[in-house]
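1. Build me a model from this:
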Amino acid sequence: MQVWIAAETAYHDKISHVEHHLISNLRGLLSSCRNATDMFHVFSKYNSLFIRPKIRGAVNEYQNKLIENVKNDIHKLQEKFKIRYQNTEANKSFILRDIPPAAGAALWAKQIEKQLNVYMKRVEDVLGSDWGLYSDGAKLKAESTAFRRLLESASSIHTWLTEITQKDVGISGNVFEIKKNRALGGKLELDICFDLQTITIFKEVRTLLWNNYQIPHAVSNLAKDAKRIYPFAMALRETVQMYFQLDQEMNRTPFLINLFAGYRNNIHGLLTRGIQLKWDHFLNALEIRSSRPFSITNSSDGKYLLFVKEFYQSVSILQDKYNMTVSINDEIEKTLQDLAHCPFRKTTFQSYIDKIQTLVCQFPNQTLTFFSSILVSYYVTVSFISFTYLFVLYPNFSLIIYRWTN
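-> Numbering: from 1, shown residues only. Got it, this is the predicted structure:
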């Protein structure tokens, strides 16, 4: 029995010696830490030793400091959450990264929750695995649990999904629509019948799927359709806007507008066809293209996709022709103004007339026939300017006539 007591005493002496050595090393490491982060690193490395009362008591002062640090960090997180996502820098950052509102708010709440988990892991590092049994640990656990419920509610997309299912959002109906423009006094104008909210839904679903959220099948299909239709809808909308802007410019030059009647009639014919199109036609054509990529141009449904390209090309050609014609017309007007003030010499007159003729020949081929009559009016104008110039500068008109004819 005495041998057992002696062995037990020797054992406890050795354990005590080891504990004193560990305490000395731990306090040395903790006192040499430059900041709280270094202290947390030390505690995370040696926290399994805190089951020993002596070791725990030796580092108790450091534990209190770090626990107070964690409390302050959690309080800052709670204040950050109270600001709300719409008023944070994260919202601005997500907008720049093309992350829509609902997904952005959910990700923002997830980020705060991850940070909360980091802080609670620090509590475990400082107090040990049974940190919830201590008074400070129990308070932090209750506080963190309540805060986590709020974060889970904020990161949930249930509210957003409910709003989407309740709204009548979809891709169907006519491609084109005629509506009143209030800014222009109720004037009717042509537009594309495409709700931009659908592309926002696509971006929401895309971002949420990347972050492992579960999306209902109906909403997922709506997002896929929006993704496929979006390029065609935006191309058609931009083409329509480009055409009507061009039409307004052409109406400001009525003496040129008849030159482009053929081009405009072609575009009006395309619009007559397009007004009958529906988005279902495009979706069906895209389905065929995805299943038979090399047969789309020969299929009956392929014409719906080719319509977008044909419409854009027709408007683009009209814009190029009009811009070219306006540029040439401005040059002709400038040449006529120069002709009115040029020296009185036949060679000078002839050079200006030749320049006008060259400019007229630069007009698009479709406009040359119409411009033959304009050319005659130019020559009449040149003659009028020339005779006016002669009357002003030369009182002896008979001499002028003689010099002109000889």
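2. how near is Ala10 to His268?
-> Taking Cβ to Cβ, to the nearest Å as the measure, Ala10 falls 107 Å from His268. (Glycine included, C-beta is placed from N, CA and C.)
3. With Thr198 instead?
-> 29 Å.
4. between these two, which one's more packed in?
-> Using other Cβ atoms under 10 Å, the more surrounded residue of Thr198 and His268 is Thr198, with 19 against 10.
5. Which residue, other than its chain neighbours, is closest to the more buried one?
-> Leaving aside its sequence neighbours, Thr198 sits nearest to Ala226 (Cβ to Cβ, 6 or more residues apart in numbering; 4.0 Å).
6. Mind listing what's buried along the helix or strand harbouring that neighbour?
-> Here Ala226 is covered by helix 217-251, with elements defined by DSSP states H and E. Residues of helix 217-251 classed as buried: 219-220, 222-223, 225-230, 232-233, 236, 239-240, 243, 246, 250 (neighbour count, 16 or more other Cβ atoms under 10 Å).
7. Retrieve the pLDDT associated with Gln111.
-> pLDDT recorded at Gln111 is 91.
8. One more: Ser44?
-> The score at Ser44 is 78. That number is its pLDDT.
9. And the one 10 residues further on, by the same measure?
-> What the model reports for Lys54 is a pLDDT of 75.
10. What is the burial count for it?
-> Lys54 has 13 nearby residues by other Cβ under 10 Å.
11. What separation is there between it and Trp160?
-> For Lys54, the distance to Trp160 equals 55 Å [Cβ to Cβ].
12. Shouldn't Gln214 be within a strand?
-> No. Read with DSSP: H, G, I helix; E, B strand; the rest coil, Gln214 is coil and lies in no strand.
13. Roughly how far does it sit from Thr198?
-> Taking Cβ to Cβ, one finds Gln214 at 21 Å from Thr198.
14. So the protein: which segments form each domain?
-> Following automatic domain parsing, one finds the domains of the chain at 2-156, 159-305.
15. Need these in CSV (columns: distance to Gln313).
-> Below are the domains of the chain laid out as CSV (distance: least, Cβ to Cβ, whole Å):
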stretch, distance to Gln313
domain 2-156, 30
domain 159-305, 9
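16. Any idea which of those gets closest to Asp320?
-> domain 159-305 (10.1 Å; Cβ to Cβ).
17. Just the element for the most centrally placed residue in the chain, please.
-> When Cα atoms, centre = their mean is applied to the chain, the residue found nearest the centroid is Asp98 (5.5 Å). For Asp98, there is no host helix or strand (DSSP H and E).
18. How many residues are close by the closest residue to it other than its chain neighbours?
-> Once flanking residues are discounted, Asp98 sits nearest to Lys203: 6.6 Å by Cβ to Cβ, 6+ apart. Neighbours of Lys203 under the rule other Cβ under 10 Å: 18.
19. can you pull the buried residues of the helix or strand encompassing Lys203?
-> In this structure, Lys203 is located in helix 197-210 according to DSSP H and E. Of the residues in helix 197-210, Thr198, Ile199, Thr200, Ile201, Phe202, Lys203, Glu204, Val205, Arg206, Thr207, Leu208 count as buried by neighbour count, 16+ other Cβ under 10 Å.
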